[in-house]
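In: sequence unavailable; structure follows:
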């Protein structure tokens with residue numbers, strides 16, 4: 001069951017009085033308990049209504065009114081979104097909350113509608129299917145995508161190479177023999193016990209994940225990593241560094257989309273497109 005837990009505004013919150021250090025710390029501990037319990041999905045405090053706007057709908061009219069708004073008891077000062085088993089559970093958690101205001105205050109619990117509640121108005125399920133797609137789209141907006149490279153037993157060597165060529169930094173590295181879970185028997189090629197199981201590497205603003213893989217059969221086919229640099233000098237330096245021991249597939253040159261662009265395959269078989277971004281234009 002999804003519920004919104006609403007912290008109602010009070011005279012002090014509408015006056016813009018900030019919580020004390022003690023209250024901030026108490027709320028931090030309370031939120032930590034909610035997160036550990038798997039209940040809290042999100043939550044935030046709201047600035048006073050004096051910083052807000054209200055839009056009234058009257059037929060085709062849209063009338064905008066500046067805050068502050070007079071009905072303090074009807075205003076919201078903050079909220080949480082929780083996933084709970086029942087309203088009783090939500091009430092028990094609310095009772096544990098520190099008083100969020102300097103004076104007496106109220107916290108309201110409201111249950112969300114679910115699509116099943118609208119079944120009578122959506123007999124063929126089209127609206128529900130559309131809402132599912134929208135939720136998936138929203139979730140993807142907060143997703144991250146990172147390349148995962150398998151170096152067939154040469155991951156340590158590759159990491160050292162990228163540190164030199166690209167200024168890469170290793171944020172995390174774990175070897176197979178350091179894994180808290182035993183590797184399934186027969187999964188690893190003999191001699192791979194001390195190889196890199198997983199590493200997280202930062203190259204510029206890109207996070208790259210990499211591993212030795214389970215054997216020496218990995219290849220890099222069908223893709224390239226596109227690396228943009230701010231100047232022609234930096235582009236040339238990185239391109240030449242990546243080409244050491246590798247192969248230049250297209251020398252650096254001017255193109256219609258970039259003042260300097262080239263393609264290189266490094267000595268580990270990873271393909272790169274190295275460039276200086278061109279000016280963007282709208283057609």
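Out: Yes, it's here. Computed from a predicted model, the values in this text were never measured in an experiment. Residues are numbered from 1 along each chain as shown.

In: check whether the closest residue to residue 147 other than its chain neighbours sits in a helix, strand or coil.
Out: Among residues not flanking residue 147 along the chain, residue 208 sits closest, at 5.5 Å (CB to CB, 6 or more residues apart in numbering). The C-beta positions use only the backbone N, C-alpha and C, and glycine is treated the same way. Three-state assignment for residue 208 (DSSP: H, G, I helix; E, B strand; the rest coil): strand.

In: same question, the one 5 residues further on
Out: Of the three states, residue 213 takes coil according to three-state DSSP.

In: wait, what's in contact with it?
Out: 150-153 (CB atoms under 8 Å, 6 or more residues apart in numbering).

In: with residue 154 instead?
Out: Contact partners of residue 154, counting by CB under 8 Å, 6+ apart, are 212, 268.

In: tell me the pLDDT of it.
Out: Predicted confidence (pLDDT) at residue 154: the value is 96.

In: follow-up on the earlier one: wait, doesn't the residue nearest to residue 147 sit right on residue 150?
Out: No - here residue 208 does not reach residue 150: they are 11.8 Å apart, not a contact under CB atoms under 8 Å.

In: domain assignment for the chain?
Out: 2-112, 145-218, 220-283 (automatic domain parsing).

In: can you redo the ones you listed as JSON lines with distance to residue 127?
Out: Below are the domains of the chain laid out as JSON lines (distance: least, CB to CB, whole Å):
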{"stretch": "domain 2-112", "distance to residue 127": "16"}
{"stretch": "domain 145-218", "distance to residue 127": "30"}
{"stretch": "domain 220-283", "distance to residue 127": "36"}
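
In: ok, the contacts of residue 213 vs residue 5, which is closest?
Out: Lowest distance from residue 5 to the contacts of residue 213 (CB to CB) belongs to residue 150, with 45.3 Å.

In: dump the residue contacts of the closest one.
Out: Counting by CB under 8 Å, 6+ apart, residue 150 has contacts 210-213, 218.

In: 7 Å - rerun?
Out: Residue 150 sits next to 211, 213, 218 when contact means CB atoms under 7 Å, 6 or more residues apart in numbering.

In: ok, now residue 43?
Out: Applying CB under 7 Å, 6+ apart to residue 43 gives the contacts 31, 79-81.

In: any idea how far residue 78 is from it?
Out: Residue 43 is 7 Å from residue 78, where distance means CB to CB, to the nearest Å.

In: then residue 132?
Out: Taking CB to CB, one finds residue 132 at 29 Å from residue 78.

In: and those two? Which one has more around it.
Out: residue 78 (17 against 12; other CB atoms under 10 Å).

In: what pairs with the helix or strand where the more buried one lies, and is each one parallel or antiparallel?
Out: According to DSSP states H and E, residue 78 maps onto strand 76-83. Applying DSSP bridges, strand 76-83 is found paired with strand 2-8 (antiparallel), strand 40-45 (antiparallel).

In: out of those, which one sits most buried?
Out: Ranked by mean neighbour count, the strands paired with strand 76-83 are led by strand 2-8 with a mean of 19 (mean count of other CB atoms under 10 Å).
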